[in-house]
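S.K.: Below: sequence and its predicted model.
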Amino acid sequence: MRTLKRILGVLLIFFFGVFIGAAVTGAGAMQKLRETLMGGPEAVMDVVVKRLDRELKLDEEQKRKLQGIVDDARIKLRQSHETIRPQVDATLHEAEDRTRAILYPAQVKKFDDIIARSRAKWKGREGAVVAATPVPSAATPVPATPVPAGEAK
């Protein structure tokens, strides 16, 4: 009976260690993924370059050329981002206004606080782009959302 208890105790400690190790590793991986995604397309591209270098064992010439390709893609992504940013902002502001419209007055203040915290968090990540984005007010006109043909409101 004592031997069985010892064996079960060792197994319990072993499985507990495996469980804790998996949880810590998973949390670390999730944090790394979150940091990469929050870094935007540039951070994702850096991860892709490192992975390609590691898995394909690129030589110095290939690394240099790949870096040129990535730099070119970054420039094009920034240009695309600047082009669509006004549409994204308008869509987000419309969603915020529509959300405010369904909330009770006490909920609106909390909602605005949530939005302000989110903008402050993004401001730290994106710099002046978010700072320049105007905060909509109740008086700000919201553009109408086009409804595809055949769909009723």
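M.R.: Cool, the structure landed. None of these values were measured; they are calculated from a predicted model.
S.K.: can you tell me how far residue 99 sits from residue 46?
M.R.: According to C-beta to C-beta, to the nearest Å, residue 99 stands 35 Å off from residue 46. Every residue, glycine included, has its C-beta placed from N, CA and C.
S.K.: for residue 34, same thing?
M.R.: 15 Å.
S.K.: the more surrounded of the two?
M.R.: Neighbour count, other C-beta atoms under 10 Å: between residue 34 and residue 46, residue 46 has more, with 14 against 10.
S.K.: which ones are touching the more buried one?
M.R.: 39, 70 (C-beta atoms under 8 Å, 6 or more residues apart in numbering).
S.K.: Please identify the helix or strand for it.
M.R.: helix 40-56 (DSSP states H and E).
S.K.: I'd like the average pLDDT over the following helix or strand past that helix.
M.R.: Reading on from helix 40-56 to the C-terminus, the next helix or strand found by DSSP H and E is helix 60-102. Mean pLDDT, helix 60-102: 91.
S.K.: All set, thanks.
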